[in-house]
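>>> fold the following.
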Amino acid sequence: MPDPNTPEGPKGIYVLPLADVGHVKNIHRDIAYADASSFQTLDLYLPEGTAPAKGWPLVIFVHGGAWMMCDKRDIQLNAPLKLLDHGFALASINYRLSSEARFPAQIRDVKAAIRCLRGKAVDLGIDPALFCIWGASAGAHLAMLAGTSAGVPVLEDRNMGWPEESAEVQAVISWFGPTDFLKMDDYFAETLAGTADHSDADSPESKLLGGKITDIPGTVRAANPETWLTPDCPPFLFQHAPKDPIVPVQHSVHFAHLINSVAGPGTAHLRFVENAGHAGPEFERDDVINDVIEFLTQLARR
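Below is the predicted model:
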């Protein structure tokens, strides 16, 4: 997760270097999926060549940044961009940050973006039946929540646009994302991998939910992707460093086990990324990305 003490960009939002997109020839920038905020836009990157008859399978990327910073075009996109060479289209979305709106605004934005992309699928050359969502850190939390809460009215605002379209996704990739915020400090107490301060009133989780998380357990439960898990949830791929100092690895371990218990063995796959921290270049290694490609390729073959 970025250091909030690093110099800030426009609107006080932390700015990472931009991803390298010089090799991408087909880009649709700043597609508006709603009109309540300037952050409600997405970029679409398409592979070269002729699209399949049904359109390119799509991966939707949700950036991290503690729900309070970073951007859809920053270097977090470098790894997902590698999918273009393997026949996948890539959408990268912005969403309202916690300084602008409290939860559930963020997941409602994600779902509005999914509905918009599905509604425009034919014109954009993407396959509306093959949408995967991939998130990093805070973005992984939103991706997981999108994966388990399809059809949950409180987490979706169809008045934002494209009400006739589904916000379902066919697969989820979670990079070091949190689930139950109330367990974060306990998990760190077990592993001593990070600082147990997530229950503080000024923690990113408390700022997201609009109150100290220990005082609002009901809201924490609503924000937990585990809450909405059903037997028909889509396949999940978790990738997480065992000694992650920001988001404890137990989140991914526990949720993967829970998914396989509820939805059946093999629904969730867990891969530990050794010698890594929270994000970092280790997550761009060929073996890590190859696991993602294999996971997505198997999905596309179904």
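>>> please make it C-alpha for all contacts and neighbour counts, starting now.
Will do.
>>> tally of neighbours for G49?
Here the number of neighbours of G49 (other CA atoms under 10 Å) works out to 8.
>>> quick one: which helix or strand includes it?
Assigned by DSSP states H and E, G49 belongs to no helix or strand.
>>> what sits against the residue nearest to I114 when sequence neighbours are not counted?
Of all residues not flanking I114 in the chain, A167 sits nearest, at 5.4 Å (CA to CA, 6 or more residues apart in numbering). Neighbouring residues of A167 by CA atoms under 8 Å, 6 or more residues apart in numbering: K111, A112, I114, R115, A146, A150, G151.
>>> distance between stretch 97-111 and the chain's centre?
13 Å (CA atoms, centre = their mean, to the nearest Å).
>>> now swap in stretch 90-104 and tell me
Using CA atoms, centre = their mean, the offset of stretch 90-104 from its chain centre is 11 Å.
>>> show me what counts as buried in that stretch.
Neighbour-count burial for stretch 90-104 flags 90-98, 101-104 (criterion: 16 or more other CA atoms under 10 Å).
>>> so of these, which two are at opposite extremes in space?
Maximum pairwise distance in those, criterion CA to CA, is 26.9 Å, between L90 and R102.
>>> how about low-confidence regions in this structure?
Scanning the chain for pLDDT under 70 picks out the ranges 1-14, 192, 194.
>>> mind listing the strands for it?
Ranges of strands in the chain, per DSSP state E, are 26-32, 41-46, 56-62, 89-93, 126-136, 171-175, 236-240, 268-272.
>>> tell me who's in contact with S149.
L155, P225, W228, L229.
>>> do that again at 7 Å, thanks
Going by CA atoms under 7 Å, 6 or more residues apart in numbering, S149 touches W228.
>>> that one and E168, how far apart?
8 Å (CA to CA, to the nearest Å).
>>> now swap in L16 and tell me
The separation that L16 has from E168, given CA to CA, amounts to 30 Å.
>>> just want the most central residue of this protein.
G135 (2.3 Å; CA atoms, centre = their mean).
>>> what residues are bridge-paired with that one?
V62, S174 (DSSP bridges).
>>> that one contacts H63, doesn't it?
Yes - between G135 and H63 there is a contact under CA atoms under 7 Å: 6.0 Å.
>>> quick one: neighbours of N290, just the number.
N290 has 14 neighbouring residues, counting by other CA under 10 Å.
>>> what's the answer for P128, then?
Counted with other CA under 10 Å, P128 comes out at 22.
>>> who's in contact with the spatially closest residue to D43 that is not a sequence neighbour?
Of all residues not flanking D43 in the chain, R29 sits nearest, at 4.4 Å (CA to CA, 6+ apart). R29 is in contact with L42, D43, L44, counting by CA under 7 Å, 6+ apart.
>>> so who does the first one touch?
Going back to what we said before, that points to L42. R29, D30, I31, A32, A91, S92, I93, N94.
>>> what does the last one give?
Applying CA under 7 Å, 6+ apart, one finds that L44 lies in contact with I27, H28, R29, L90, A91, S92.
>>> same thing but 8 Å
I27, H28, R29, A89, L90, A91, S92.
>>> again with the second one
The contact partners of D43, by CA under 8 Å, 6+ apart, come to I27, H28, R29, D30, I31, K72, A91, S92, I93.
>>> measure T219 to N275 for me?
34 Å.
>>> who has more neighbours out of the two?
T219 (16 against 10).
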